[in-house]
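*Asks:* Just a sequence and a predicted model for now, questions to come.
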Amino acid sequence: MKKFPVLLLLLSFAIVGCKSNEEKAADLIKKELSKSLFDFESYSPIETTVTEAKHSVFTDTAFFKSANTILFALNVAKEVLESVSEAEEGMNLWGKPTYSSSSYSDKKYYKYKEEYDECIEKFFGTWLVIKSMEKDLKDTLQTIDPEKVVGWEVIHKFRCKTKGGYSSIENYRYIIDNNFKKVLLYEDMEDDDYEKLRVVINRVVNEGLTTDDL
């Protein structure tokens, strides 16, 4: 009788060991989503595909995080440039002070001129930071080993409800460790920044970032 619980335990281990890679990945992802989804009760998996993840700029955690930081900085720089344009329009609207201009219009001009100068300074400061981060990323390219297996790449499609109560189909990309125990990185493939991030990474790897990328 005492051997019976032991047999059950061994049987349970055998069952777990027989799980497919897709099942292992789905179990880990479900656990992760239970911590983040707004309405986890509505979660319903649709499809999970698992492929071997080789070391690359799209699977290296540190590289990927740094690229995300660059994308954020590029968005900041773009907003600053828009402010530069708005300030320049204001300067052109009121015109440079002359002997015949009113004190009111002069004040308006100098107000926009001050905003223009501040935004220009902020833009160049942000751009210097972007180029510095880009250089660091280019240096880390030397550490990328395309023959190295870093884990598993998982594309997980599922259905859930949004904060508004609407049903939505989501598509997430995960990089999971070799033992299906830990999520190394993930991203929402439906997010607006998904493709933008890939453009940034490809630009860094190849010809480099320019102000045309804003």
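*Replies:* Thanks, I have it.
*Asks:* Which other helices and strands does the longest helix belonging to the chain contact?
*Replies:* Using DSSP state H to assign secondary structure, the helix with the most residues in the chain is helix 103-140. Counting contacts by 3 or more Cβ pairs under 8 Å, 6 or more residues apart in numbering; DSSP states H and E, helix 103-140 packs against helix 61-94, helix 193-205. For glycine as for every other residue, the C-beta is placed from the backbone atoms N, C-alpha and C.
*Asks:* mind checking which of these is nearest residue 112?
*Replies:* helix 61-94 (3.4 Å; Cβ to Cβ).
*Asks:* Give me the helices and strands touching the closest one, please.
*Replies:* Going by 3+ Cβ pairs under 8 Å, 6+ apart, helix 61-94 lies up against helix 103-140, strand 183-188, helix 193-205.
*Asks:* now the angle between strand 183-188 and it, please.
*Replies:* Relative orientation of helix 61-94 versus strand 183-188 (axes from the mean of the first three to the mean of the last three Cα atoms, to 10 degrees): 30 degrees.
*Asks:* Next, the angle from the longest helix of the chain to helix 61-94.
*Replies:* 160 degrees.
*Asks:* could you give the angle of helix 103-140 to helix 193-205?
*Replies:* Using the same axes, to 10 degrees: helix 103-140 against helix 193-205 is 70 degrees.
*Asks:* still on that earlier bit, compile the helices and strands packed on helix 61-94 into JSON lines and extend it with columns for distance to residue 68 and mean pLDDT.
*Replies:* Output for those, formatted as JSON lines (distance: least, Cβ to Cβ, whole Å; pLDDT from 0 to 100):
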{"stretch": "helix 103-140", "distance to residue 68": "11", "mean pLDDT": "96"}
{"stretch": "strand 183-188", "distance to residue 68": "9", "mean pLDDT": "96"}
{"stretch": "helix 193-205", "distance to residue 68": "6", "mean pLDDT": "93"}
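*Asks:* ok, the closest residue to residue 175 other than its chain neighbours - contacts?
*Replies:* Spatial nearest neighbour of residue 175, excluding adjacent residues (Cβ to Cβ, 6 or more residues apart in numbering): residue 184 at 4.5 Å. By Cβ atoms under 8 Å, 6 or more residues apart in numbering, the contact list for residue 184 reads 59, 61, 150-151, 174-177.
*Asks:* By neighbour count, which of those residues wins?
*Replies:* residue 176 (25 neighbours; other Cβ atoms under 10 Å).
*Asks:* residue contacts, the residue nearest to it when sequence neighbours are not counted?
*Replies:* Nearest residue to residue 176, sequence neighbours excluded (Cβ to Cβ, 6+ apart): residue 152, at 4.7 Å. Applying Cβ under 8 Å, 6+ apart, one finds that residue 152 lies in contact with 21, 25, 50-53, 175-178, 180.
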